[in-house]
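Asker: One predicted model, sequence on top.
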Amino acid sequence: MGPVLILLYGIVAYLIAMASIAYAIGFVGNYWVPKSIDGGSVRPLCEALVVNILLLGLFAIQHSGMARRGFKKASTAIVSEPIERSTYVLLSALILWLLYWQWRPITDEIWRVDTPIGSTLLQAVYFIGWGIVLLSTFLISHTDLFCLKQVSDHWLGKDAAEPEFKTPALYKIVRHPIYLGFILAFWATPVMTLGHLLFAVGTTGYILIGIFLEERDLVTSFGESYETYRKRISMLIPWPPRHP
């Protein structure tokens, strides 16, 4: 692929990924979208559980497996390095679209908050969570995280920059604000159905495993700098830095 095709590939992957995230806001919160986490035809419980667990597992395996250093190194033997990140982002987004399409709602209610104040508060936390996710991507480099920087640098003939360890703004009080935002968004709902609970438990479990794997890679990449950071800064609960 030439530089122009690589750039176009990266842009398309980015747009599909952004569309999948935008749809996720409606899907998880049951807002605006034609098919949501509690919307659609109800199927037998056993079928719904099996299909939903398989969908969550497929995303977890792809999203975490392809992010590992060993996989990235091996994949560049098949996929050229400038589009390795774009391919990862694209496949993650396509699996999300598959999840939205094939998700089976399980509408048995676990809790329901009917009071206006309580319902409004939970909805506010929901959107605050998504806001934290979006803000955090820009704090550490949105274009790098979602593959645009890699393909644009290749198009411009720039060498790939070495990863830089930095802790801007929210990263000074919590190590993983993106994951914190997701957890807030996945759990903050006035009506928690069994299907939504399955989604929230599955994704939270994946996040905790993902943090373990990600931090292992970060220690390998940044060594003592990250070890010191990990000792000082809370993982998911915002808290003033601890003294080393």
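Answerer: Arrived safely, thanks for sending.
Asker: could you say what helices and strands the least confident helix or strand in the chain by mean pLDDT packs with?
Answerer: Across the helices and strands of the chain, mean pLDDT, DSSP states H and E gives its lowest value to helix 69-75, namely a mean of 73. For helix 69-75, the packing partners by 3 or more Cβ pairs under 8 Å, 6 or more residues apart in numbering; DSSP states H and E come out as helix 84-102. The way it works is simple: take the backbone N, C-alpha and C, and place the C-beta from them, glycine included.
Asker: Mind jotting down where the strands sit in the chain?
Answerer: Along the chain, the stretches classed as strands by DSSP state E are 109-112, 191-193.
Asker: Let me know which of those strands is tucked in deepest.
Answerer: Of those, the one with the most neighbours on average (mean count of other Cβ atoms under 10 Å) is strand 191-193, at a mean of 18.
Asker: Which other helices and strands does that strand contact?
Answerer: Using 3+ Cβ pairs under 8 Å, 6+ apart, strand 191-193 sits against strand 109-112.
Asker: Which residues lie in contact with D159 in this structure?
Answerer: By Cβ atoms under 8 Å, 6 or more residues apart in numbering, the contact list for D159 reads D153.
Asker: and the gap between it and H243?
Answerer: 39 Å (Cβ to Cβ, to the nearest Å).
Asker: what does L213 give?
Answerer: Look at L213 and H243: by Cβ to Cβ, they are 28 Å apart.
Asker: out of these two, which sits in the busier spot?
Answerer: Between L213 and H243, counted using other Cβ atoms under 10 Å, the more crowded position is L213 (14 against 6).
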